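# 3D model of this:
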Amino acid sequence: MAILIDDPRWPAHGRLWAHLVSDHDLDELHAFAEANGIPRRGFDRDHYDVPDEAHARLVAAGALHVDGHTLVRRLIASGLRITARERRAL
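Sure, this is the predicted structure:
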């Protein structure tokens, strides 16, 4: 069980963003985010969007830094991944 974070490389709102996920369950992810000051509004169905300035702090708090491909593979393997098709249907 791990909390994973990828590189902050996704531009939006004048900054770069990373993704924070759990490879186990959403309760673990929400607990980690709450304990580390990440607001619930940053949750997007299977991940949190976190600003680049929070990246180092989250890694120091225990998030495992991985590349984007590894993050997606582990999220899919966990069964928590929400596909683009599923997002459109919601």
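# buried set for the helix or strand of the chain with the lowest mean pLDDT?
In the chain, no helix or strand scores lower on mean pLDDT, DSSP states H and E than helix 84-89, which sits at a mean of 83. The neighbour-count criterion (16 or more other CB atoms under 10 Å) identifies no buried residues in helix 84-89. C-beta: built from backbone N, CA, C; applies to glycine.
# likewise for stretch 55-73?
When burial is assessed from 16+ other CB under 10 Å, stretch 55-73 yields the following buried residues: H55, L58, A63, V66, L71, V72.
# check stretch 10-30 too.
W17, A18, H19, L20, V21, S22, D23, L29.
# can I get it in CSV, CA atoms only?
The C-alpha atoms that make up stretch 10-30 are tabulated as CSV, following Å, rounded to 0.1, in the frame of the first residue of the first chain:
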residue,chain,number,x,y,z
TRP,A,10,0.3,19.4,-16.1
PRO,A,11,-0.4,23.1,-16.7
ALA,A,12,-3.5,24.8,-15.4
HIS,A,13,-4.4,28.1,-13.7
GLY,A,14,-0.9,29.5,-14.2
ARG,A,15,1.0,26.7,-12.5
LEU,A,16,2.0,23.1,-12.9
TRP,A,17,0.1,20.2,-11.2
ALA,A,18,1.0,16.6,-10.1
HIS,A,19,-1.3,13.7,-9.4
LEU,A,20,-1.6,12.1,-6.0
VAL,A,21,-3.1,8.5,-5.9
SER,A,22,-3.3,5.4,-3.7
ASP,A,23,-2.4,2.0,-5.0
HIS,A,24,-4.8,0.5,-2.4
ASP,A,25,-7.9,2.4,-1.6
LEU,A,26,-9.5,5.9,-1.6
ASP,A,27,-9.8,6.0,2.2
GLU,A,28,-6.0,5.8,2.4
LEU,A,29,-5.7,8.6,-0.2
HIS,A,30,-8.2,10.9,1.5
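# for this structure, just list every one of the helices.
Shown for the chain, the helices assigned by DSSP state H span residues 26-35, 55-60, 68-78, 84-89.
# closest to L4 out of those helices?
For the helices of the chain, the distance to L4 is smallest for helix 68-78, at 5.1 Å, taking CB to CB.
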